[in-house]
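1. what follows is a predicted protein model with its sequence.
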Amino acid sequence: MSRLTSALDARAPSVASALRGVRDRLPRSRTRRDIADLRAQLDELREEIDECRRDSLRIAELTDIVETRLAQPRPEGA
């Protein structure tokens, strides 16, 4: 943002001043809180993805076990 205002200072000082005014009025602490909230949500989503991957792996393992047992010949008299 500072490069933009520096360039504007040379060509349109009133626009640069207005831009600085808008920037200064932005709630920085809220933005930091928003970023912290988004990071917490991202961490939660990553945990859910990891859980889904573990579940998928377990389902694949169980499927292999079932297929192996179904493929085994049945003993006589059973």
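-> Yep, that arrived.
2. retrieve the pLDDT associated with residue 17.
-> On pLDDT, residue 17 comes in at 76.
3. what strand or helix carries it?
-> Here residue 17 sits within helix 13-25, counting by DSSP states H and E.
4. what helix or strand is the residue nearest to the spatial centre of the chain on?
-> For the chain, the residue sitting closest to the mean C-alpha position, by Cα atoms, centre = their mean, is residue 42 at 4.1 Å. Using DSSP H and E, residue 42 sits within helix 28-71.
5. that helix - what's its average pLDDT?
-> The model assigns helix 28-71 a mean pLDDT of 92.
6. counting contacts, what elements does it pack onto?
-> Using 3 or more Cβ pairs under 8 Å, 6 or more residues apart in numbering; DSSP states H and E as the contact test, no helix or strand touches helix 28-71. (C-beta placed from N, C-alpha, C; glycine too.)
7. could you measure residue 45 against residue 51, distance?
-> 11 Å (Cβ to Cβ, to the nearest Å).
8. to clarify, my last question referred to residue 6.
-> Counting by Cβ to Cβ - residue 6 and residue 51 are separated by 48 Å.
9. just residue 13 next, same as before
-> Distance, residue 13 to residue 51, by Cβ to Cβ: 55 Å.
10. what's the burial count for residue 20?
-> When neighbours are defined as other Cβ atoms under 10 Å, residue 20 has 15 of them.
11. just to revisit the earlier point, I'd like the distance from the helix holding residue 42 to the chain centre, please.
-> Here helix 28-71 is found 12 Å from its chain centre; the criterion is Cα atoms, centre = their mean, to the nearest Å.
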